[in-house]
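1. Turn this into a model:
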Amino acid sequence: MRTIENIKLHEMIGLKTEIVDSTDQNTIGLSGTIINETQHMILINTYKGLKKIPKSHNIWKFYLNGEMVTVSGNDINNRSEERLRG
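-> Residues are numbered from 1 along each chain as shown. Below you'll find the model as predicted:
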């Protein structure tokens, strides 16, 4: 079960997200629902359409069960099944 404590171990598809800090100033504040996740990218459905954003070099805010957690993209910059193996 996904919780804010173990979010880094699970896939992100279906979660609401927002980029709160980034090396690319144009992506800060981008938000939407994650519709796909690859090893190094997250595909977000935003109000401006689909956006493919690299995981690394970004600080992500995820919303789960009415709670929020902030995660460094470097901590999730691999496939979800690889994160689970540790």
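2. List the contacts of the most centrally placed residue in the chain.
-> Centroid-nearest residue in the chain, with CA atoms, centre = their mean: Trp60, separated by 5.5 Å. Listed by CB atoms under 8 Å, 6 or more residues apart in numbering, the contact set of Trp60 reads Thr17, Glu18, Ile19, Val20, Ile42, Thr70, Val71, Ser72, Gly73, Ile76. Using the backbone N, CA and C atoms, a C-beta is placed for each residue, glycine as well.
3. same deal with Arg79?
-> Counting by CB under 8 Å, 6+ apart, Arg79 has contacts Thr38, Gln39.
4. For it, give me the pLDDT.
-> Reported pLDDT at Arg79 in the predicted model: 83.
5. Now do the contacts for Phe62.
-> For Phe62, the contact set (CB under 8 Å, 6+ apart) comprises Ile4, Ile7, Met12, Leu15, Lys16, Thr17, Met68, Val69, Thr70, Val71.
6. least trustworthy helix or strand in this protein by mean pLDDT?
-> helix 80-85 (a mean of 74; mean pLDDT, DSSP states H and E).
7. Of the contacts of Phe62, just the buried ones, ChimeraX syntax please.
-> Here the buried members of the contacts of Phe62 are turned into a ChimeraX selection, burial being counted by 16 or more other CB atoms under 10 Å:
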select :7,12,15,17,71
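8. What's the separation between the nearest residue to Ile34 once chain neighbours are set aside and Gln25?
-> Spatial nearest neighbour of Ile34, excluding adjacent residues (CB to CB, 6 or more residues apart in numbering): Met12 at 4.8 Å. Note on Met12: its distance to Gln25, by CB to CB, to the nearest Å, is 23 Å.
9. and Ile37, how many neighbours?
-> Just so we're on the same page, residue 37 is Glu rather than Ile. 18 (other CB atoms under 10 Å).
10. what does the one 10 residues further on give?
-> Residues within reach of Tyr47, counting by other CB under 10 Å, total 7.
11. so it touches Gly29, yeah?
-> No - look at Tyr47 against Gly29 with CB atoms under 8 Å: they stay out of range, at 11.7 Å.
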